[in-house]
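In: Give me a model of this one.
(2 chains)
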Amino acid sequence: MNTEQPLYLQQEPAVRERFARIREREVILEVKHLGKTYDSAQGPVHALKDINFRIHRRELICVIGPSGCGKSTLIRMLAGLDNHSAGEILLDGKSVDGPGSDRGMVFQGYTLFPWLTVKQNVMFGPRMQGQGKTQAEREALQWLELVGLEKFADAYPHQLSGGMKQRVAIARALVNQPRILLMDEPFGALDAQTRAKMQAHLLDIWKNIDLTILFITHDLDEATYLADRILVLKAHPGEVQEFIEVPVPRPRHPGQNLTEAYRATKARLEELIHPPEPPASEEEEIKPHLIRLTRVNDNVE
Amino acid sequence: MAKQRWFSIRRDMTPRARLALGIASFLLPLLLWCIVSYVPFVWHPKVLISDPGAVDYMEPGMLVDKDVFNDEVRNMRQEKLAPPKGSPANPVYLPAPHEVAKAFYTAFTTPPAQSDDPWLHQSLWHSIKIIFWGFLLSSVIGVPLGIICGTYGRLARLVEPFIEFFRYLPAPAFGALMVAILGIYDGPKVAIIVIGTLFQQVLVIANTARKLDFTLLEAAMTLGTTRFKLITHVVVPGILPDLYRDQRILLGWAWTYLIVAELVGTSSGITWFITQQARYQHFDNVYAAIMMIGILGLGFDLLLARLGKRLFPWDQATGKA
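Out: Numbers count the residues shown, from 1 in each chain, chains lettered A, B, ... in the order given. Presented below is the predicted three-dimensional model:
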């Protein structure tokens, strides 16, 4: 092993071999010189500038970055919900224009249709595509089984817990068999335990079906645990800082967070997201001035 | 403790407490009415003459002001003549509850004064038909237009400013115009209800449509929904429970325009009955008829509320409404 290199770039032979195989697969999503400019009162603001990357088939990519780096804007442009002001998005080599069922999306908030049962929610995509009812129903039940919610097929979304709602949302996106699944902080609103379960569950799904995932998160552990590669963005303007190949070998399990590869990757992410000498932002200028409002000897620590 | 319970903010109550309070909200005004009617020293500004005594212009059964009665009693006493006798009474326009209750029944059983005039139940049915057609016509235009305005920003901008202006024009002001256009029978009446309801309806429903969570539309688009299907498969089902609630409130507004509408052209329906009875000073019948409108309106609303709970099992808000 080359000791000159930083730790997070050192890959075990098995990991290196795996990345080589991934690179040989066809490119599903290619983003070229992508940019987004807003008009504001202070003139044009570059939310994203000159973003370039490629995602291969069955890769799991995480996108992280400080708040305001435009990661949500990026995924919304990929989904076709926002227009991009420069560059190009190519899905299977074809330019993307507007939303479509070839790019499934799971949102951070709960977006199940409250007036439909769980099964009908999953059937929604196929029905919109003009599939017959029985066919759509059969497929919906199959995908519900995959996320373990076949027992709740006839329940309404308000009867489900947050984790269950997101499972249904995943099934609803997957039933369309999208080329890529876009996930915008899908587990952000869940409690820590449910979130860990959902992460493991997502890896299981991804392992078993032909699925390419782009996953946005602000949780460094989540990114390191899930991703093949992590796209790190920086803010003002939103640009790609680094595209890190995660050296943690697969299959992943929660015990790996003590290994050298994991710790080195996370340390690198920390370094990129929270640079040692941060520029004075508004947040940091807030300095609370504390005065003592309890009796002198009434100490809690 | 009791004070805390009465002023606890937005706390859920037991079903029994809800029912008891609901009944009390009707019993309290009724109690007030009873006190004013049956307790002789409360109000009662008139005297009902039972024996005129020596006062030449008084007759038994006549209502006179208390001051006049007291003056006459004093006059007669001074002149050593028989003073008039009478009991305290309320003016003719405030009948007692039992009289109105009786009128509730007799109003339906009394044949109309002229043989070709409608019975009360026919008048009521006529009023219900006017409301029905007015509200239906208004909804046929107003609901789709409202949904379209609530979904497409540009169309809303094109339509809503004019409607905002028009809704301030009082519907009764169009009475004469509608008679000129639509004749003197039911046409102008339905038109008044439409004018009174439609413009509010468009704005209220547009607002409801705008409140639909936009991410639901986005989610539908990422599932391959076309723009046209978004309206029918996401917007309409998404706002349906709220739309239904809006329609219930708007139906109440339609009822409030009924009286004005029925005065336009030839007087008809329950309004015709009320004006007839008021002319003969049968105020017990007038109160009974006014209450019938209230009972019909509230009855319809309760019925629709019940129905709404069955129609929209996913909607949690109706459970609390």
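In: what's around the residue of the stretch 101-250 of chain B found nearest chain A, how many residues?
Out: Using Cβ to the nearest Cβ, the closest approach of the stretch 101-250 of chain B to chain A is made by residue B:224 at 3.1 Å. Any C-beta I mention is one placed from the backbone N, CA and C, and that applies to glycine too. Residue B:224 has 22 neighbours, counted by other Cβ atoms under 10 Å in any protein chain shown.
In: Can you give me the distance of the nearest residue to residue A:175 once chain neighbours are set aside to residue A:224?
Out: Spatial nearest neighbour of residue A:175, excluding adjacent residues (Cβ to Cβ, 6 or more residues apart in numbering or on different chains): residue A:143 at 4.7 Å. To residue A:224, residue A:143 is 28 Å away according to Cβ to Cβ, to the nearest Å.
In: Around chain A, which positions in the stretch 201-321 of chain B sit nearby?
Out: B:213, B:215-216, B:218-226, B:229, B:233-234, B:237-238, B:240, B:312-316 (Cβ under 8 Å from any Cβ of the partner chain).
In: Let's see that with 10 Å instead.
Out: Proximity of the stretch 201-321 of chain B to chain A is confined to B:213-227, B:229-230, B:233-234, B:236-241, B:312-316 under the rule Cβ under 10 Å from any Cβ of the partner chain.
In: how close does the residue nearest to residue A:175 sit to residue B:59?
Out: From residue A:143 across to residue B:59, the span is 90 Å (Cβ to Cβ).
In: Tell me the buried residues in the helix or strand hosting residue B:158?
Out: Assigned by DSSP states H and E, residue B:158 belongs to helix B:153-166. For helix B:153-166, a neighbour-count test (16 or more other Cβ atoms under 10 Å in any protein chain shown) marks B:156, B:159-160, B:163 as buried.
In: Which strands or helices does the helix or strand following that helix pack on?
Out: Sequence-wise, the next helix or strand downstream of helix B:153-166 (DSSP H and E) is helix B:175-182. Judged by 3 or more Cβ pairs under 10 Å, 6 or more residues apart in numbering or on different chains; DSSP states H and E, helix B:175-182 is in contact with helix B:186-210, helix B:258-263.
In: pretty sure the residue of the stretch 101-250 of chain B closest to chain A is touching residue A:176, no?
Out: Yes - because the distance of 6.5 Å satisfies Cβ atoms under 10 Å, residue B:224 is recorded as touching residue A:176.
In: what do those two both touch?
Out: A:100-104, A:124-126, A:128-129 (Cβ atoms under 10 Å, 6 or more residues apart in numbering or on different chains).
In: Could you report the neighbour count for residue 189?
Out: No chain specified, so I'll use chain A. With other Cβ under 10 Å as criterion, residue A:189 counts 15.
In: um, chain B though
Out: Around residue B:189 there are 34 residues (other Cβ under 10 Å).
In: how much space between it and residue B:200?
Out: 18 Å.
In: Torsion angles phi and psi at the residue in chain A that chain B sits nearest to?
Out: Here chain A gets closest to chain B at one residue, residue A:101, 3.1 Å apart by Cβ to the nearest Cβ. The phi/psi pair for residue A:101 (degrees, to the nearest 10) reads phi -80, psi -10.
In: Check what pLDDT the nearest residue to it once chain neighbours are set aside gets.
Out: Closest residue to residue A:101 apart from its sequence neighbours, by Cβ to Cβ, 6+ apart: residue B:224 at 3.1 Å. Here, the pLDDT recorded for residue B:224 equals 90.
In: Then residue A:32?
Out: pLDDT, residue A:32: 93.
In: ok, now which ones touch it?
Out: Here residue A:32 is in contact with A:50-54, A:86-90, A:95 (Cβ under 10 Å, 6+ apart).
In: Can you classify it as helix, strand or coil?
Out: strand (DSSP: H, G, I helix; E, B strand; the rest coil).
In: what is it paired to in the beta sheet?
Out: residue A:88 (DSSP bridges).
In: Who wins on neighbours among the contacts of residue A:32?
Out: That'd be residue A:51 among those, by other Cβ under 10 Å, with 23 neighbours.
In: what's the pLDDT at that residue?
Out: For residue A:51, pLDDT reads 92.
In: show me what contacts it?
Out: Counted by Cβ under 10 Å, 6+ apart, residue A:51 has contacts A:31-36, A:70, A:74, A:77, A:84, A:86-87, A:89, A:231, A:233, A:238-240.
In: picking up where we left off before, please pick the buried ones from the shared contacts of residue B:224 and residue A:176.
Out: A:100-104, A:124-126, A:128.
In: May I see those residues organised as a markdown table, with distance to residue A:40, pLDDT and secondary structure added?
Out: What follows is those, written out as a markdown table (distance: Cβ to Cβ, whole Å; pLDDT from 0 to 100; DSSP: H, G, I helix; E, B strand; the rest coil):
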| residue | distance to residue A:40 | pLDDT | secondary structure |
| --- | --- | --- | --- |
| A:100 | 30 | 90 | coil |
| A:101 | 33 | 91 | coil |
| A:102 | 33 | 93 | coil |
| A:103 | 28 | 95 | strand |
| A:104 | 32 | 94 | strand |
| A:124 | 36 | 96 | helix |
| A:125 | 36 | 94 | helix |
| A:126 | 41 | 95 | helix |
| A:128 | 36 | 93 | helix |
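In: ok, of these, which one's closest to residue A:271?
Out: Among those, residue A:103 lies closest to residue A:271 (Cβ to Cβ), at 32.0 Å.
In: who's the closest one bridged to?
Out: Under the criterion used (DSSP bridges), residue A:103 bridges to residue A:180.
In: Now do the contacts for it.
Out: Contacts of residue A:103 (Cβ under 10 Å, 6+ apart): A:29, A:75, A:78-81, A:89, A:91, A:96, A:173, A:176, A:178-182, A:214, B:222, B:224.
In: Who has more neighbours out of residue A:143 and residue B:59?
Out: Neighbours per residue (other Cβ under 10 Å) separate residue A:143 from residue B:59, with residue A:143 holding more: 25 against 9.
In: Which secondary structure element is home to residue B:8?
Out: With DSSP H and E as criterion, residue B:8 is part of no helix or strand.
In: do the same with the one 10 residues further on
Out: Residue B:18 is part of helix B:15-38, with elements assigned from DSSP H and E.
In: could I get that helix in PDB with only the CA atoms?
Out: Taking C-alpha atoms only, helix B:15-38 is exported to PDB below (Å, rounded to 0.1, in the frame of the first residue of the first chain):
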ATOM      1  CA  PRO B  15     -69.300  13.200  23.800                       C
ATOM      2  CA  ARG B  16     -71.800  13.700  26.600                       C
ATOM      3  CA  ALA B  17     -70.400  17.200  27.400                       C
ATOM      4  CA  ARG B  18     -70.600  18.100  23.700                       C
ATOM      5  CA  LEU B  19     -74.200  17.000  23.500                       C
ATOM      6  CA  ALA B  20     -75.200  18.700  26.700                       C
ATOM      7  CA  LEU B  21     -73.600  22.000  25.600                       C
ATOM      8  CA  GLY B  22     -75.100  21.700  22.100                       C
ATOM      9  CA  ILE B  23     -78.600  21.300  23.600                       C
ATOM     10  CA  ALA B  24     -77.900  24.100  26.100                       C
ATOM     11  CA  SER B  25     -77.000  26.500  23.200                       C
ATOM     12  CA  PHE B  26     -80.600  26.100  22.100                       C
ATOM     13  CA  LEU B  27     -82.200  26.000  25.500                       C
ATOM     14  CA  LEU B  28     -80.600  29.200  26.700                       C
ATOM     15  CA  PRO B  29     -82.300  31.500  24.100                       C
ATOM     16  CA  LEU B  30     -85.500  29.600  24.600                       C
ATOM     17  CA  LEU B  31     -85.200  30.200  28.400                       C
ATOM     18  CA  LEU B  32     -84.700  33.900  27.800                       C
ATOM     19  CA  TRP B  33     -87.800  34.000  25.500                       C
ATOM     20  CA  CYS B  34     -89.800  32.200  28.200                       C
ATOM     21  CA  ILE B  35     -88.800  34.600  30.900                       C
ATOM     22  CA  VAL B  36     -89.700  37.600  28.800                       C
ATOM     23  CA  SER B  37     -93.000  36.000  27.800                       C
ATOM     24  CA  TYR B  38     -94.200  34.400  31.000                       C
END
